[in-house]
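In: Sequence and predicted structure are below.
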Protein chains: 2
Amino acid sequence: MSISINDVARVAGVSKSTVSRALGGGPVSADVRARVEAAVRQTGYRPNLMARRLRSRDSGLVGMIVADIRNPFFTAAIGAVEEAAYRHDLRLVLCNTDEDPQREALYLQLMHEERISGVILAPTRATQARLEQLQLEFPMVLLDRAGAGGRYDSVVLDNAAAAAELVAGLAAQGLVRIGGLFGNTSSTALERRDGYLQAMQAAGLAPDYREVAPGAEAAAEAVAAWLAGPSRPQALVASNSLLLAGALQAVRAAGLRIPQDLALAGFDNERWTELVEPGITVIEQPVEDMGREAMELLLARLRSPQQPVRKVVMRGRCIVRGSTAVGRADPG
Amino acid sequence: MSISINDVARVAGVSKSTVSRALGGGPVSADVRARVEAAVRQTGYRPNLMARRLRSRDSGLVGMIVADIRNPFFTAAIGAVEEAAYRHDLRLVLCNTDEDPQREALYLQLMHEERISGVILAPTRATQARLEQLQLEFPMVLLDRAGAGGRYDSVVLDNAAAAAELVAGLAAQGLVRIGGLFGNTSSTALERRDGYLQAMQAAGLAPDYREVAPGAEAAAEAVAAWLAGPSRPQALVASNSLLLAGALQAVRAAGLRIPQDLALAGFDNERWTELVEPGITVIEQPVEDMGREAMELLLARLRSPQQPVRKVVMRGRCIVRGSTAVGRADPG
DNA sequence: CTGAAAGCGCTTACAG
DNA sequence: CTGAAAGCGCTTACAG
């Protein structure tokens, strides 16, 4: 049997109300406080959070639902959110949906059953569409994937601008057949595709892109077929680091040289993008800031539920490396 | 105000006991079951898990405490554990300690306060030492880091054998100054170091190793100094993928060729180890299996608390790539 | 098969 | 400052 507040009360010789107050930092006499503290030590008492939360109607829990825990972008975001939660004395319940809308729905329901204080979510497109009509009982902040919708606070990258910057850089080097490789589950990929399309049009180039499942395997397959096909691109822009890795894998397998045979650029400044040769040109996302900011938005919303919806758009940083240095010497 | 079981009972025209039974799949008449289900739909009722857990004394929660969420090994392990938890209708509470023993202690205490059903832990050495005397109220399974201790079920790699295999491979190519690079926080690193030492001795070679904080930055710094020093190694074995990446970074910065100037090998078959040129020789860990197995051990322990302690040791697979192909043509 | 009652371990008005 | 009482939303013996 577990030790309860009653045991402490008995040992300290006070009522359990008083123990509760002493533990909660309420107004108690110094003598009582000392006796309670001694009793806690003596009994090894640890409060039961289930009971505390049930009674106080505050779960002290924050949920985070991400689409792919194996994507380093999300891992880094989780780390930042966890850190922030820890600082605010909140616990983080993590859910991984593997881009499955059904699991997203299930987890959102579960969050409700947990009477969670708030949720940070990176939804699939499918879920995103239904989010607007959803009547949630807790505040939610969208991270990385927000779309145009307006009901939720969100923190995202300026995806279109970032993708456009990559394309513009390639076009400026005289490349013409610039292909795009985008995930097919996130609004983020959609926005990057739009930025790609706009930049291609601005450069007077004909777009050519593929949308694939957002993992390295699917990307490798798609790119392998693409490279073997009739309209081989001169450059490829991939919309996340997993797609980028898959693309690189296919390029290597095809025996093509980078950047002479194919220039390559993508998203997320993973360490390996600097370790391969030549290094890969990427958009670096301020992912730690994004995670922290998402938590800040959530806390602000919890404090004042009625405040206007905020959308924080962050700027990516383009890191130019050898993979796009066409016509120049490889700096690697 | 939230909808409670009382509201459902009123709408269905039965007592809340009956609602509870109907929802829990207990013995109720078909008529009542239908009415309860209709009432649930009508009211939009969702059970309050806090209350349910408090009463039933079963949290349905599994905790996972890892040292570094940014280490892909742990990310993959988390994914596998989460998947298994999901299948068994358990929720996963994730905690990240950043290799900080204080946070480990805090989280373990928290797990108790959550009345968590069980915990999967990858402890630092500091915590590991104290684990034996700890009197936990929940079962715990050690993942990846177990040491010699005997009180807990665990699933680990045969670390010494794996490290020895890497060293033997390098020694077989006539390399003499084979350096080791190990993390300074985990028993895993310790075991890999021991495997390294044994293999060096078996090969009649003088060991030379460094122990560093288990991150890429510290590794890069240490290796940079090492390479610039008087006894530059001919080969380097790194005990995880972060250290390996840091080492590679330093090698690149020093302008050395792999494997001619320096052979390189390490742990964890991250995708990038195949994408760099030459590819890096690594020990692949069956990380998904390890995560799944940890959950299996935990479930078995929950079912029969008195069963003997089990330690599952898994074998790594050595994947030989160009980074250790000294004296042969680079296969990359 | 169903309901009334007790109780899980807390916190929080309410008196004093 | 302290205690007795009520109650958070459930589940689970206990009767019937």
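Out: Yep, that arrived.
In: what's around residue A:305, how many residues?
Out: 8 (other C-beta atoms under 10 Å in any protein chain shown). To be clear about C-beta, it is placed using only N, CA and C from the backbone, and glycine gets the same treatment.
In: burial measure for the nearest residue to it once chain neighbours are set aside, as a count.
Out: In space, and not counting its chain neighbours, residue A:305 is closest to residue A:139: 6.8 Å by C-beta to C-beta, 6 or more residues apart in numbering or on different chains. Number of residues near residue A:139 (other C-beta under 10 Å) recorded here: 19.
In: pretty sure residue A:139 is touching residue A:306, no?
Out: No - with contact defined as C-beta atoms under 8 Å, residue A:139 does not reach residue A:306; the gap is 11.1 Å.
In: Tell me the spacing between residue A:300 and residue A:137.
Out: Distance from residue A:300 to residue A:137, counting by C-beta to C-beta, to the nearest Å: 18 Å.
In: Give me the more crowded residue out of these two.
Out: Set residue A:300 next to residue A:137 and count neighbours by other C-beta under 10 Å: residue A:300 wins out with 15 against 12.
In: How about the contacts made by that one?
Out: A:153, A:307, A:310 (C-beta atoms under 8 Å, 6 or more residues apart in numbering or on different chains).
In: Please name the nearest non-neighbouring residue to the first one.
Out: By that I understand residue A:153. Using C-beta to C-beta, 6+ apart and skipping residues adjacent in sequence, the residue nearest residue A:153 is residue A:297, 4.3 Å away.
In: Which strand or helix spans that neighbour?
Out: helix A:287-303 (DSSP states H and E).
In: And residue A:31, by the same measure?
Out: Following DSSP H and E, one finds residue A:31 within helix A:30-43.
In: Got phi/psi on the residue nearest to residue A:109 when sequence neighbours are not counted?
Out: Of all residues not flanking residue A:109 in the chain, residue B:46 sits nearest, at 6.7 Å (C-beta to C-beta, 6+ apart). When quoted as degrees, to the nearest 10, the phi and psi of residue B:46 stand at phi -130, psi 130.
In: Where does pLDDT dip in the stretch 51-200 of chain A?
Out: Within the stretch 51-200 of chain A, the segments meeting pLDDT under 70 span A:149.
In: go with 90
Out: The model of the stretch 51-200 of chain A has pLDDT under 90 over residues A:56-60, A:69-70, A:86, A:89, A:91-95, A:113, A:129, A:132-137, A:147-150.
In: how about the helices in the stretch 101-250 of chain A?
Out: Here the stretch 101-250 of chain A has its helices, by DSSP state H, counting those that start in this stretch, at A:101-113, A:125-131, A:159-172, A:187-202, A:216-228, A:241-253.
In: Let me have those in a markdown table, extended by distance to DNA strand C and mean neighbour count.
Out: Listed next are the helices of the stretch 101-250 of chain A as a markdown table, based on distance: least, C-beta to the nearest atom of the strand, whole Å; neighbours: other C-beta atoms under 10 Å in any protein chain shown:
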| stretch | distance to DNA strand C | mean neighbour count |
| --- | --- | --- |
| helix A:101-113 | 16 | 18 |
| helix A:125-131 | 31 | 18 |
| helix A:159-172 | 43 | 22 |
| helix A:187-202 | 39 | 21 |
| helix A:216-228 | 48 | 19 |
| helix A:241-253 | 44 | 24 |
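In: possible to save those helices as JSON lines with distance to residue A:26?
Out: As requested, the helices of the stretch 101-250 of chain A are arranged in JSON lines below (distance: least, C-beta to C-beta, whole Å):
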{"stretch": "helix A:101-113", "distance to residue A:26": "30"}
{"stretch": "helix A:125-131", "distance to residue A:26": "40"}
{"stretch": "helix A:159-172", "distance to residue A:26": "49"}
{"stretch": "helix A:187-202", "distance to residue A:26": "47"}
{"stretch": "helix A:216-228", "distance to residue A:26": "55"}
{"stretch": "helix A:241-253", "distance to residue A:26": "50"}
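In: Which one, of these, ends up nearest to residue A:59?
Out: Nearest to residue A:59 among those is helix A:101-113 (9.7 Å), distances taken as C-beta to C-beta.
In: who does that closest one touch, helix- and strand-wise?
Out: Judged by 3 or more C-beta pairs under 8 Å, 6 or more residues apart in numbering or on different chains; DSSP states H and E, the packing partners of helix A:101-113 are strand A:61-66, strand A:91-96, strand A:118-121, helix A:125-131.
In: and of the ones you listed, who's closest to residue B:252?
Out: Among those, strand A:61-66 comes nearest to residue B:252, with 31.8 Å by C-beta to C-beta.
In: The closest one pairs with which strands, parallel or anti?
Out: Counting by DSSP bridges, the strands paired with strand A:61-66 are strand A:91-96 (parallel), strand A:118-121 (parallel).
In: Just put the ones you listed in CSV and tack on mean neighbour count.
Out: What follows is these, written out as CSV (neighbours: other C-beta atoms under 10 Å in any protein chain shown):
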stretch, mean neighbour count
strand A:91-96, 23
strand A:118-121, 26
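In: closest to residue A:225 out of those?
Out: Nearest of the strands paired with strand A:61-66 to residue A:225, taken as C-beta to C-beta: strand A:91-96 at 29.3 Å.
In: So what's the gap between that closest one and the chain middle?
Out: Computed by C-alpha atoms, centre = their mean, to the nearest Å, the separation of strand A:91-96 from the middle of its chain amounts to 12 Å.
In: Then stretch A:305-319?
Out: 13 Å.
In: Could you list the buried residues of it?
Out: The neighbour-count check on stretch A:305-319 (16 or more other C-beta atoms under 10 Å in any protein chain shown) flags A:312, A:314, A:316, A:318 as buried.
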